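>>> okay, here's the prediction I keep looking at, along with the sequence it came from:
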Amino acid sequence: MGFNIYDFSGMTHNMHLWFLERMSPTATTIVEWTIIGVSYMLFVALFGLFLVYAERKVCAAFQQRLGPMRVGYWGLLQTIADFIKLLMKELIMPKSADRFLYNLAPFIVMIATFLAMAVLPFAKGLQTLDFDIGIFYVTAVSSVGVIGILLAGWSSNNKYSLIGAMRSGAQILSYELSVSLSLVTIIILAGSMQLSVVVESQRDSWFLFKGHIPSLIAFVIFLIAGTAETNRGPFDLAEAESELTAGFHTEYSGIKFAFFFLAEYINMFIVAAMATTVFLGGWMPLHFGQFESFNHVMDFIPPLVWFFMKVLGVIFLIMWFKWTFPRLRVDQILTLEWKYLLPINLVNILLMCLVVLTKFHL
Amino acid sequence: MSEFKEIIVSTDKIHTDEYLVNMGPQHPSTHGVLRLLVRLEGEIVHNIQPHVGYIHSGIEKMCESISYPQVIHLTDRMDYLSAHMNNEAVALCIENALQVEVPDRVKYIRTIMDELSRLASHQLWWCVMGMDLGALTTFFYGLRDREHILDIFEETCGARMTLNYSVPGGVMFDIHPNFQKRVKDFLKEFKKKLPEYDQLLTGNVIFQERTNDIGYLSKEDAIAWGVTGPSGRGSGFSCDVRKHQPYSAYPLVKFEEKLDTKGDTFTRYRLRMEEMWESIHIIEQLIDNIPEGDYAVKMKGVVKLPEGEFYQRVETARGEFGVFIVSDGKKNPYRIKFRSPGFSNLFALNKMAAGHKIADLVAIMSTLDLVIPDIDR
Amino acid sequence: MTNEELQAYLTGKFSNAEVKTGKQYVEIVVKAEDLHETAVQLKKTPELSFDYLICLTGVDYPETMQIVYHIESVEHRHVAVLKVNTADRTDPKVDTVSDVWQTAKYHEREVYDLLGVKFNNHPDLRRLFLDDSWGFPLRKDYKDEVRIVER
């Protein structure tokens, strides 16, 4: 089959030829779509389970306790038990809720998540879609999630849900700007929006080091705006339990709630994956231009492992934010974006332009 | 509900932009069964009507049919976080009425237990304040340290929270032989942990943004609404009963009454943190010098107060707690009234929170440090 | 001021009231119609300046209802007790002092709720803890077959 852990393009090409020998091109396409779809769904389910478990363990570590320990060895089966419980719960729907929109909202959020995941480069040759406007596509598609949240809040026919959804909508729309502008900074450095090109051009060193100051500022802003986008961490006013019960997903139970919950964790994964791809080199090992032997050692670790190590590192950072800081009030969140992050971002873009034009980068 | 119509009619006409939201009896941040009817316009709070009585147990009526030592049991359950101070208030009232002089050992033990109760109460307040504002980790840090105090209580008094320790004439049992050592070990540990609290919450920019200039209460309003304790002292109202009408061993210790005039949420927070340091200093002054002697004075089997009225004030963690006993010479009190600090503090909420946002309302309520059974009795 | 000075000053100022020194504090017993005026004077006079109402209690006596106000002056640090007796027990009415000491607004609601004393000119006289189906539980003649066991 040509399974090469360092380069999946051989394997995917062989599989494609294998199918073509046995069926017509249309059937091949459909079979390949099915395989990709199923593997993405499996990935979302399994990685989502893992992330929920990781969050509980990380949270426990910060709070000087152990976290789930009883269900399975060291609590490993805890999330599976939670998932089975959610599957078995009764789906209570408020009588005066708008039926169609109420049922539609979780699906919209999930669809937005899947669409954004389609372009992420997991390893060399393991990227489903490779548009030449890759980065632009990701920001565009993740905005679709806002519709799901607003629909959820509106159709629940509940004052608390509505307040939560409005807050969340305002917050996500504002922070979209910061996310996009910090990505624009890197597009200037990379010269292209295509994600595979972005990763390839970090072969000699990651953009975080290449662009030094403007890159670092953009990275910090991207992290802050990314946590705000996913309604996490100090920006989780939309689901602040101590104020409005559970915000926009108050009225959801069972598997529909599980969709929102899972979508939040996978969105966190997407933010971390984008940060990794664009700032930390994606699946590229850590290379320092001149040190040949060091580069050889780094090359030994497969790119897939590099990618997941970096993603998990960024996810740990995002979790760290949540369990350390108190919550910001909604007007403080919007002030932070419009009065501080946006001007800094714009100045940073100018700075990056200067750096690129004068070739002051590493 | 007829009550609902009454509200809409008795307050001024509601604009079409406003709406009523119920922060109902079951809510994670009302610290107990308290219902707040909030009139909102968007996010801005215009008026708050607290509805109390969900945990009204008729304690004052019950006390009219039980004997004086039995009243002590019920006082634990009102402000359960300052249980010992409530016990002591009733015990002191009865002792003053009967003109009974307690030995010095009793005074020292009572004051040390008072200050330990105050520390435990402020620790719980701190962890819940962090949790209300979203810093969920503070909950575990505060409780971790509070466990040490509760273990000390359990060893000496037999219970962790409803201590039932001070009785008329003295204390129920003598302190455990390990008491002094355990308290000294705890103080040593806690003095290292308290700066951690400051690092985690006090210096945090987000926390300061959420609490600075929120919930202003002027000195005149604090006096008019009877807001005592750290909430009142934050507005400049010097009301510490331990300083002005000292009781037990307080005349013998040196400590400061912390005052500030800024009157906002952050000031009240900061004053409670400073009060924790003062409590540590008070305990340090007393713990090594507990005099020998009896732990109680022999009282008659049946306690009967002379005819008349007696009032005793103590300083609990929340403010000034008062016991007013009207006695007609029998062995049950004729009328007993508990002046609870939470009752007066709660109803100043409208003054403090009007004009702020819902998130600020949560911050202000947690800084008032309310315990609802204290309000409802 | 000490208790003696306070007693002398108050006897001089309020001729309609009965001023004596109880076991702890100076007590002023006023008639129901003089209550509001006395309260205003107690707060406004600079030598007295009783601006902090510590506690407001209602006591049920066989002939009358007595409202007891413990007041303190923050400036001078003296404490006094103001008492007023209502005319009868069946329909007791007293003037409100919630415009003098704002905290009385809710204390008086509690007294109304538990003892049935009505306060004239109170801005919002409603029950506080209980609802209308209860009588006035703190009264000595309150009967409840279900919840109270008579020995």
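Arrived safely.

>>> what residue in chain C comes nearest to chain B?
Scanning chain C for the residue nearest chain B gives C:Phe129, at 3.3 Å (criterion: CB to the nearest CB). From N, CA and C alone the C-beta is placed, and that goes for glycine too.

>>> so, low pLDDT: which residues of the stretch 251-377 of chain B?
The stretch 251-377 of chain B contains no residues with pLDDT under 70.

>>> can you pull out the helices in it?
All helices of the stretch 251-377 of chain B, identified by DSSP state H, counting those that start in this stretch, fall at B:265-287, B:341-346, B:349-353, B:358-368, B:372-376.

>>> ok, now chain C?
Secondary structure of chain C (DSSP state H): helices at C:3-13, C:35-44, C:104-115.

>>> follow-up on the earlier one: A:Asn14: which of the helices of the stretch 251-377 of chain B is closest?
For the helices of the stretch 251-377 of chain B, proximity to A:Asn14 was assessed by CB to CB; helix B:358-368 is nearest, at 57.3 Å.

>>> from the contact counts, what lies against that closest one?
Identification of packing neighbours for helix B:358-368 by 3 or more CB pairs under 8 Å, 6 or more residues apart in numbering or on different chains; DSSP states H and E yields helix A:241-244, strand B:35-41, strand B:44-51, helix B:104-133, helix B:205-211, helix B:265-287, helix B:349-353.

>>> what about B:Val171, how many neighbours?
By the measure other CB atoms under 10 Å in any protein chain shown, the count of residues near B:Val171 is 25.

>>> comparing the helices and strands packed on helix B:358-368, which comes out most buried?
The highest mean neighbour count among those, using mean count of other CB atoms under 10 Å in any protein chain shown, belongs to helix B:104-133: a mean of 24.

>>> which helices and strands sit right next to it?
Helices and strands touching helix B:104-133, by 3+ CB pairs under 8 Å, 6+ apart, are helix A:241-244, helix B:83-98, helix B:137-157, strand B:170-171, helix B:179-197, helix B:205-211, helix B:265-287, helix B:358-368.

>>> chain center to the second one, what's the gap?
Using CA atoms, centre = their mean, to the nearest Å, the mean C-alpha position of helix B:83-98 is found 16 Å from that of the whole chain.

>>> same question for the shortest one.
What separates the centre of strand B:170-171 from the centre of its chain is 22 Å, taken as CA atoms, centre = their mean.

>>> with the longest one instead?
Between the centre of helix B:265-287 and the centre of its host chain there is 14 Å, according to CA atoms, centre = their mean.

>>> now it against helix B:104-133, angle please.
Angle, helix B:265-287 to helix B:104-133, by axes from the mean of the first three to the mean of the last three CA atoms, to 10 degrees: 150 degrees.

>>> is chain A within reach of helix B:265-287?
No - in terms of CB under 8 Å from any CB of the partner chain, no part of helix B:265-287 sits within range of chain A; the closest distance is 11.9 Å.

>>> what is the burial count for the residue of chain C closest to chain B?
By other CB under 10 Å, 21 other residues sit near C:Phe129.

>>> continuing past the helix or strand A:Phe308 falls within, what's the next helix or strand?
Element membership of A:Phe308 [criterion: DSSP states H and E] is helix A:303-324. Counting by DSSP H and E, the next helix or strand C-terminal to helix A:303-324 is helix A:330-335.

>>> that next one packs against which elements?
helix A:159-190, helix B:205-211.

>>> show me what the helix or strand following the shortest one is packed against.
The helix or strand immediately downstream of helix B:205-211 is helix B:219-224, counting by DSSP H and E. Applying 3+ CB pairs under 8 Å, 6+ apart, we find helix B:219-224 packed against helix B:229-233.

>>> contacts for the helix it packs on, please.
Here helix B:229-233 makes contact (CB atoms under 8 Å, 6 or more residues apart in numbering or on different chains) with B:217, B:222-223, B:239-240, B:257-260, B:268, B:271-272, B:275, B:315-320, B:341, B:345, B:348, B:367-369.

>>> return a ChimeraX selection command for the buried portion of those.
In ChimeraX syntax, the buried subset of the contacts of helix B:229-233 is picked out as below (16 or more other CB atoms under 10 Å in any protein chain shown):
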select /B:217,222,223,239,240,258,259,260,268,271,272,275,315,316,317,318,319,320,341,345,348,367,368,369
